[in-house]
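S.K.: Here's my sequence, what's the structure:
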Amino acid sequence: MKTEERRTAICPRCGKAYRGRPALSRTDNKTYICPDCGTREALESIGVDEKEQEEILATIHSHTEHQDI
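M.R.: Next up, the predicted model:
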């Protein structure tokens, strides 16, 4: 059985520590960022304002906080 080692990384965009699979930044297509910043970049690209981005992230977190992603 394959086990995946979970490492903590620091997001270069927001400076926060995160665990799990990173997102590839849309700004340069080579920097790995935290999943939240990846979601923010995706939402920004379609014109979603900051307040709504935070509401969307809160909804995502409320549905995934107890899952081991």
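S.K.: Which secondary structure state is assigned to Glu62?
M.R.: If you look again at residue 62, you'll see it is Ser, not Glu. helix (DSSP: H, G, I helix; E, B strand; the rest coil).
S.K.: Number of residues surrounding it?
M.R.: A count of neighbours around Ser62, defined by other C-beta atoms under 10 Å, yields 9. C-beta here means a position set from N, CA and C on the backbone, and glycine is covered the same way.
S.K.: Pull the number of nearby residues for Gly38.
M.R.: 19.
S.K.: same thing with Gly15?
M.R.: Gly15 has 8 nearby residues by other C-beta under 10 Å.
S.K.: Which phi and psi values does it adopt?
M.R.: Here is the backbone geometry of Gly15 (degrees, to the nearest 10): phi 80, psi 0.
S.K.: pLDDT value on the most centrally placed residue in the chain, please?
M.R.: For the chain, the residue nearest the mean C-alpha position is Pro35 (1.3 Å; C-alpha atoms, centre = their mean). pLDDT, Pro35: 96.
S.K.: go on, Arg40?
M.R.: So Arg40 comes in at 97 (pLDDT).
S.K.: ranges for the helices of this protein?
M.R.: 35-45, 50-64 (DSSP state H).
S.K.: isn't Ala23 right up against Asn29?
M.R.: No: applying C-beta atoms under 8 Å as the test, Ala23 and Asn29 come out as separate, 11.3 Å apart.
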